[in-house]
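Asker: Here is my input, please return the structure:
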Amino acid sequence: MFNSLGASRPRRRIPPWLLWGLFAALAGAGAVLLVQERYLPPRLSPAESAALRRDFEQADAERKRLQAELAQTTQRLQRSEADKAALGEQLSASQATAAGLRDDLEAIVQALPPDPRGGSVEVRAGQFSARPGALDYNVVLMRDGSPRKALSGVVQLTVSGESARGAPTTLALEPIALSMLGHEVVRGSAPLPEGFKPRQTTVQVLDKAAGKSLGMRVLLVR
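Answerer: From the prediction side, this is the model:
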């Protein structure tokens, strides 16, 4: 419709504040895009995000498995340390018991009657028992004083008895190596001929095989 005065209506102008607002919004969006493109890590695609999640889950599962293994290893270590402590206590107790037994043995040896023949090495006591084809022996030897250096030598056992035919027979057994300080208990067994009947055993302590005599005693075979 035309104005009766023949003039057109003026068009409305956009307010300046609205233009500034639109400009600021566009500038902010551009700045965000610029920061994302230049300074932030690139965006992941859905497939990459899924792969990253799977990797994280696998790493987390591996971490939990390692934690469980560490806990088990720690428990085993604790048990081992407890067992070690218990073994240490048992060892200490065994050592104390052994020391007590040594003291008891020393007292028993000291209480044995002296060797009638004397000598630098006394044969304080001995036990010989025969069984088919063998002779078992236990001999207690003792030196005078409190020696600090070990004595080396041999123990020679000579067995007298009867052969299988009843004839008197004497057998010299293999020498027994000896190394003693204050006292020594010599024990073991030696083979005998079949049918041999031992009656007595001569115990000789020598400085070496067929050497100088350091002590001697004759004991019966039971």
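Asker: Surely Thr73 forms part of a helix?
Answerer: Yes - when the secondary structure is assigned by DSSP: H, G, I helix; E, B strand; the rest coil, Thr73 falls within a helix.
Asker: quick one: contacts for it?
Answerer: Contact analysis of Thr73 by C-beta atoms under 8 Å, 6 or more residues apart in numbering lists nothing. Placement of C-beta: from N, CA and C, glycine included.
Asker: Pull the contacting residues for Val221.
Answerer: The contact partners of Val221, by C-beta under 8 Å, 6+ apart, come to 128-130, 135, 159, 161, 198-201.
Asker: can you tell me how far it sits from Pro15?
Answerer: As defined by C-beta to C-beta, to the nearest Å, Val221 lies at a distance of 137 Å from Pro15.
Asker: lowest-confidence helix or strand of the chain?
Answerer: Of all helical and strand segments in the chain, the minimum by mean pLDDT, DSSP states H and E falls on helix 16-38, at a mean of 66.
Asker: Narrow the contacts of Val221 to just the buried residues.
Answerer: A residue is treated as buried here by neighbour count (16 or more other C-beta atoms under 10 Å); on that basis the buried members of those are 128, 130, 135, 159, 161, 198, 201.
Asker: Now do the phi/psi pair for Leu70.
Answerer: In this entry, Leu70 is assigned phi and psi values of phi -60, psi -40 (degrees, to the nearest 10).
Asker: and what of Ser129?
Answerer: According to degrees, to the nearest 10, Ser129 has phi -140, psi 140.
Asker: Now tabulate the contacts of Val221 in CSV and tack on pLDDT and secondary structure.
Answerer: Listed next are the contacts of Val221 as CSV, based on pLDDT from 0 to 100; DSSP: H, G, I helix; E, B strand; the rest coil:
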residue, pLDDT, secondary structure
Phe128, 96, strand
Ser129, 95, strand
Ala130, 94, strand
Leu135, 96, strand
Val159, 97, strand
Gly161, 96, strand
Pro198, 96, strand
Arg199, 96, strand
Gln200, 97, strand
Thr201, 96, strand
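Asker: could these go into a markdown table alongside distance to Ile176?
Answerer: As requested, those are arranged in a markdown table below (distance: C-beta to C-beta, whole Å):
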| residue | distance to Ile176 |
| --- | --- |
| Phe128 | 14 |
| Ser129 | 17 |
| Ala130 | 18 |
| Leu135 | 12 |
| Val159 | 13 |
| Gly161 | 19 |
| Pro198 | 17 |
| Arg199 | 21 |
| Gln200 | 18 |
| Thr201 | 12 |
